[in-house]
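> Sequence first, then the predicted structure, then my questions.
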Amino acid sequence: MCLQKRRVQRINFASEWRHTAWCSRSFLSTAIVVLGLVAAGRMYAGPIEIDLGGPHKITSDLSLPFDALNNTAIGGQTLSIDLTISNDEFVRLFTKTSPLFDVSITLQTNGTNKHDFLQGTGYLVDSQGMAIPGFGVTGTASGHDLLSIGLFPLLKDKNGTPNNDLPRPLDFFGIHFDLTFPDAHNESIQVIGGEFGLFSNPGAVFGVGPGIPRDIVPDSGSTLLLLSVGVIGLLGAWANSAKWRTRVGKLADAGVART
């Protein structure tokens with residue numbers, strides 16, 4: 001995967017002699033910025049397009065293979081990634097969508113020893129490429145060959161408190177993640193596959209637009225039940241389900257053993 005620093009401006013070397021000193025200073029300043037980023041251990045991946053397989057979907061579970069981070073070493077680095085939903089599509093979170101809705105990335109590695117956890121935070125992105133306000137609540141899961149992180153954009157904290165400041169229906173067009181990988185202390189341990197997923201509670205649907213209802217509201221009395229179920233063991237339950245749904249989903253088709 002090609003890694004690049006975002007918003008690096010081209011240096012304009014003027015052909016006239018009187019601009020030579022200015023150009024040299026500009027080059028030196030840019031070099032210092034690049035060296036500072038390398039020293040900080042942060043890398044930026046180029047934009048990654050996510051094809052959700054066409055619009056007009058109403059579902060509570062959507063997953064697809066994710067290979068954009070293949071060959072990434074598990075070396076303790078911090079990596080920022082921008083995921084953009086392709087084909088002018090978007091995801092709509094209805095009033096009925098569970099507050100426990102999550103956007104997950106699960107990475108399969110060629111490691112055999114259990115990894116430490118993938119850490120990070122993130123946010124949803126609107127149609128203008130701007131961050132949608134949120135609290136960056138995430139949950140993580142780890143296994144012998146798996147690293148997984150889920151972003152819960154509708155939560156205020158890890159106790160499962162809903163973020164009621166976000167009005168719904170809510171449309172998003174992309175997702176930003178800031179990821180910190182564990183250090184496998186072995187340069188040969190890399191990402192070899194993965195899965196991208198959007199998940200809500202069964203029946204608490206979301207949509208992939210265009211061509212979907214403006215909103216879907218919950219049945220009377222169901223909202224309290226969803227919240228009660230969600231708050232109990234939120235992140236522990238997510239970690240277990242993340243490992244389960246990965247192993248019985250797309251990665252299982254690639255030869256990953258089921259548990």
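The structure has been received and is ready for your questions. Residues are numbered from 1 along each chain as shown.

> and residue 213, how many neighbours?
Residue 213 has 13 neighbouring residues, counting by other Cβ atoms under 10 Å. C-beta here means a position set from N, CA and C on the backbone, and glycine is covered the same way.

> got it, and residue 207?
24.

> Could you measure from residue 43 over to residue 77?
Separation of residue 43 from residue 77 (Cβ to Cβ, to the nearest Å): 6 Å.

> Which one of these two is surrounded by more residues?
Remark: of residue 43 and residue 77, residue 43 carries more neighbours, 18 against 15, as counted by other Cβ under 10 Å.

> Name the residues linked to the more buried one by a beta bridge.
With DSSP bridges applied, residue 43 shows beta-bridge pairing to residue 79.

> ditto for residue 84
With DSSP bridges as the criterion, residue 84 is bridged to residue 49, residue 174.

> Could you do residue 191 as well?
Beta bridges link residue 191 to residue 109 when assigned by DSSP bridges.

> which residues touch it?
By Cβ atoms under 8 Å, 6 or more residues apart in numbering, the contact set of residue 191 is 69-72, 74, 107-109.

> Same question for residue 187.
Counted by Cβ under 8 Å, 6+ apart, residue 187 has contacts 73, 75.

> hmm, 6 Å instead?
Not one residue lies near residue 187 by Cβ atoms under 6 Å, 6 or more residues apart in numbering.

> which residues in the stretch 151-259 of the chain form helices?
Here the stretch 151-259 of the chain has its helices, by DSSP state H, counting those that start in this stretch, at 222-231, 234-247, 250-253.

> Those: lowest mean pLDDT?
Sorting the helices of the stretch 151-259 of the chain by mean pLDDT places helix 250-253 lowest, at a mean of 37.

> Would you mark the buried spots in stretch 72-89?
72-74, 79-83, 85, 89 (16 or more other Cβ atoms under 10 Å).

> Counting only strands, which of the contacts of residue 191 make the cut?
Taking DSSP state E as the definition of strands, the contacts of residue 191 contribute 107-109.

> Now flag whichever of those is closest to residue 127.
Distances from residue 127 to these, taken as Cβ to Cβ, are shortest for residue 107 (28.2 Å).

> what residues are up against that closest one?
Counted by Cβ under 6 Å, 6+ apart, residue 107 has contacts 147, 191, 194.

> And these, which is closest to residue 93?
Of all those, residue 93 sits closest to residue 194, with 23.4 Å by Cβ to Cβ.

> residue contacts, that closest one?
Applying Cβ under 6 Å, 6+ apart, the residues contacting residue 194 are 66, 106-108.
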